[in-house]
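> here's a sequence, model it:
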Amino acid sequence: MNLFNGNLITLRSDKNLPDLSSQMADCLQQLHSSLYEKDLPSSAIYKIILFLNSQSPDYQSSFIKDLLDQLKKELHEEILVIPLCQAPLKCDLLMEVHYSTSHEWKRSFFMHSAGAAVVFNRNGLSVVNGFSTSNSGNCQTDANLVFKTLQQQLDETGFSISDITRQWNYIEGIVSKKEDHQNYQVFNDARSQFYQDHFTKNGYPAATGIGMMAGGILIDYIAIKGNNVTNIPIDNPVQIPAHKYHQDCLMGLPTGDKKTTPKFERGRYVSLQGEEIVFVSGTAAITGEKTANPGDVEQQSRLTIDNIDSLVSKDNLSKNIHIPGDLKYNYLRIYVKERSDFKKVREICEKRYGNVPTVWLQANICRDDLTVEIEGTLLIVK
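Numbering: from 1, shown residues only. The predicted model follows:
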């Protein structure tokens, strides 16, 4: 994502390999080749996300732990390694490798029993990227624990809740219900309790709330503080802010007195010591606050793209931000609910986005009648 003078490498396993172990070995071989071509040491890597097909015959939590241990042993120990049970649409294992090339950023690693964090410091600017996770089998318990761990990490690394700028919320069975309590709503109630009034001055984080097949709840986050930072929320003129949704848009029963809204902004603009990034939150076919074209994957794909175009248009951004150049997509992640719809969605998205680096995943969206979700980052090219 071009943070810390770096970028990311996306590696896909050979789908013809028989098991996850051999696919991991294939990705690692590709990674070593890529590092050699870029003249990068393995120490440049600070985060690896493993997207895994949990339907693979050898998928087991103990086996995945062995894969993660193997990964750190072969590279280095101070890496955020995040396993996600979201099936890649072109293979069974996809590796997203984030690296930094600048020696100006001083890096510190913090390990936790339920997550980890990496802090970067440079000239009075601090950025933390970390994750917290819980997998107890109970969504309410997991939601409370991931935010408890997140608070501990922020305290240990010297950040405040209000410093959180980008957050990814991965929720097992996101639209599933237990006794009329929907998992996403349970998570949202826990998030509201955690955030309280910390974001009243400058808006909520940009965020994605997306399903996964197993793993409880996992939060991946970026928090920023310090000198020469501009950090501005971006509204979408064609969508009501999610944190202002009415009660009839929220599913299931509340965990408290009433259901609370999803606390995130549609996007955020961040400028930090010469690096300018627009984070696009997870975006779907919602007009105002209502789902448009329920279940129609082609119409929803086109509308999702239109919604993002409205969000990042110069007319919209210029309301609060001076954009001294052109916006260029740097990265996209596209979630498709049904694997059978992949080809239709890909044709529509490739027509709009061309050869922008894209990760394709199968995952449930936060509403039953939504079929596709898109998130991404844009850079300002001067």
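
> any regions of the protein where pLDDT drops low?
1-6, 56-60 (pLDDT under 70).

> okay, helices next: where are they in it?
All helices of the chain, identified by DSSP state H, fall at 20-38, 61-74, 139-157, 183-195, 297-312, 314-317, 342-353.

> need those in a markdown table (columns: mean neighbour count).
(C-beta placed from N, C-alpha, C; glycine too.) Putting the helices of the chain into a markdown table (neighbours: other Cβ atoms under 10 Å) gives the following:
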| stretch | mean neighbour count |
| --- | --- |
| helix 20-38 | 16 |
| helix 61-74 | 14 |
| helix 139-157 | 20 |
| helix 183-195 | 23 |
| helix 297-312 | 20 |
| helix 314-317 | 14 |
| helix 342-353 | 16 |
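
> distance to residue 121 for the ones you listed - can I get that in TSV?
As requested, these are exported to TSV (distance: least, Cβ to Cβ, whole Å):
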stretch	distance to residue 121
helix 20-38	24
helix 61-74	23
helix 139-157	10
helix 183-195	25
helix 297-312	30
helix 314-317	29
helix 342-353	34
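
> what's the closest of those to residue 239?
helix 297-312 (6.4 Å; Cβ to Cβ).

> give me the residues contacting the closest one.
Outside of helix 297-312, the residues within contact range by Cβ atoms under 8 Å, 6 or more residues apart in numbering are 234, 236-239, 266-267, 278, 280, 283-287, 292-293, 316, 327, 336-338, 341, 344-345, 348-349, 352, 370-374, 376, 378.

> put the alpha carbons of that helix into CSV.
What follows is the C-alpha trace of helix 297-312 in CSV, where atoms were taken according to Å, rounded to 0.1, in the frame of the first residue of the first chain:
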residue,chain,number,x,y,z
VAL,A,297,-24.5,-9.6,-9.1
GLU,A,298,-24.0,-7.8,-12.4
GLN,A,299,-26.1,-4.7,-11.4
GLN,A,300,-24.6,-4.7,-7.9
SER,A,301,-21.0,-4.9,-9.3
ARG,A,302,-21.6,-1.9,-11.6
LEU,A,303,-23.3,0.1,-8.8
THR,A,304,-20.5,-0.7,-6.4
ILE,A,305,-18.0,0.7,-8.9
ASP,A,306,-20.2,3.8,-9.4
ASN,A,307,-20.3,4.3,-5.7
ILE,A,308,-16.5,4.2,-5.4
ASP,A,309,-16.2,6.6,-8.4
SER,A,310,-18.5,9.1,-6.5
LEU,A,311,-16.5,8.7,-3.4
VAL,A,312,-13.1,9.4,-5.0
